[in-house]
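Trainee: sequence first, then the predicted structure:
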Amino acid sequence: MKTSVRELYRSFKDLDQQEVTLFGWIRNNRAQKEFGFINLNDGTFFETIQVVYENEFLDNFKDVQKYRVGSAMRVTGILVNTPNMKQPFEIKSRVVELLGDSLEDYPIQPKRHTREFLRENAHLRPRTNLFTAVFRVRSLLTHAIHTFFQERNFINVATPIITASDAEGAGETFKVTTLDLENVPQNEDEKLTIKKTSFKKRLT
């Protein structure tokens, strides 16, 4: 049964000893001599799932030991409830497949990162707990606001924004003016006089 981390945390008590399939990214990989533990997360839930892999059940055990943090993988295994352990349940893997490897210098490691560091790696920060929590709150608020207005027959209109801030060089391509282009005021050098515009400055 293909499922998600979020769904498993909601119904793990009813899935004890059943086979499940998960897709996700490695948060941590602790390899031992005959077994190992992978913390797997797929972005659907704040918590990770502990995947147990053992030499006895995996033909590629040696390869799995080398899977790096940030790698994408598919896991098929048996869900086992563990009420007396730190985690409420875990997955006893039977198939572990690497879907996408990560670089050796993958920056998001299982440790605390400063916000300045995450700002420098903006494309990867959604995989951290901090930004996962922020995006979930934003998502819920956006959904609530849109639902409120939709139920009252409002229409959401995405209007263009005129700003004085140049964005990614667009100011070299597009210019905004309030002047009559058929009769453009000019100064002695025959150049456009910015002071004649409504905003008295260039707009992009």
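Mentor: Yes, it's here. Being a predicted model, the structure only gives us computed values, none of them experimental.
Trainee: let me see the contact set for the most centrally placed residue in the chain.
Mentor: Centroid check for the chain by CA atoms, centre = their mean gives residue 126 as the closest residue, at 3.5 Å. Residue 126 makes contact with 43, 132, 135, according to CB atoms under 8 Å, 6 or more residues apart in numbering. C-beta coordinates here come from the backbone N, C-alpha and C atoms, glycine included.
Trainee: of the residues you listed, just the buried ones, ChimeraX syntax please.
Mentor: This is the ChimeraX syntax for the buried subset of these, where burial follows 16 or more other CB atoms under 10 Å:
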select :132
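Trainee: in strands, which of the contacts of residue 126 fall?
Mentor: Using DSSP state E, no member of these falls in strands.
Trainee: any chance of the contacts of residue 126 in JSON lines, with pLDDT and distance to residue 86 too?
Mentor: As requested, the contacts of residue 126 are exported to JSON lines (pLDDT from 0 to 100; distance: CB to CB, whole Å):
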{"residue": "43", "pLDDT": "89", "distance to residue 86": "22"}
{"residue": "132", "pLDDT": "90", "distance to residue 86": "21"}
{"residue": "135", "pLDDT": "92", "distance to residue 86": "26"}
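Trainee: rewinding a little: got the phi/psi numbers for the residue nearest to the centre of the chain?
Mentor: phi -60, psi -10 (degrees, to the nearest 10).
Trainee: where does the protein have its least confident helix or strand?
Mentor: helix 115-120 (a mean of 90; mean pLDDT, DSSP states H and E).
Trainee: rewinding a little: gap between the residue nearest to the centre of the chain and residue 118?
Mentor: 10 Å (CB to CB, to the nearest Å).
Trainee: which one is residue 54 nearest to, not counting chain neighbours?
Mentor: Closest residue in space to residue 54, ignoring its immediate chain neighbours: residue 35 at 4.5 Å, by CB to CB, 6 or more residues apart in numbering.
Trainee: got a list of what the one you found touches?
Mentor: 52, 53, 54, 55.
Trainee: quick check, the first one in contact with residue 87.
Mentor: It stands for residue 52. No - look at residue 52 against residue 87 with CB atoms under 8 Å: they stay out of range, at 10.6 Å.
Trainee: let me see the ranges of the helices in this protein.
Mentor: 5-11, 61-64, 115-120, 129-150 (DSSP state H).
Trainee: helices or strands next to the third one in the packing?
Mentor: Looking back up the chat, that one is helix 115-120. Contacts defined by 3 or more CB pairs under 8 Å, 6 or more residues apart in numbering; DSSP states H and E place helix 115-120 against helix 129-150.
Trainee: perfect, I'm done here.
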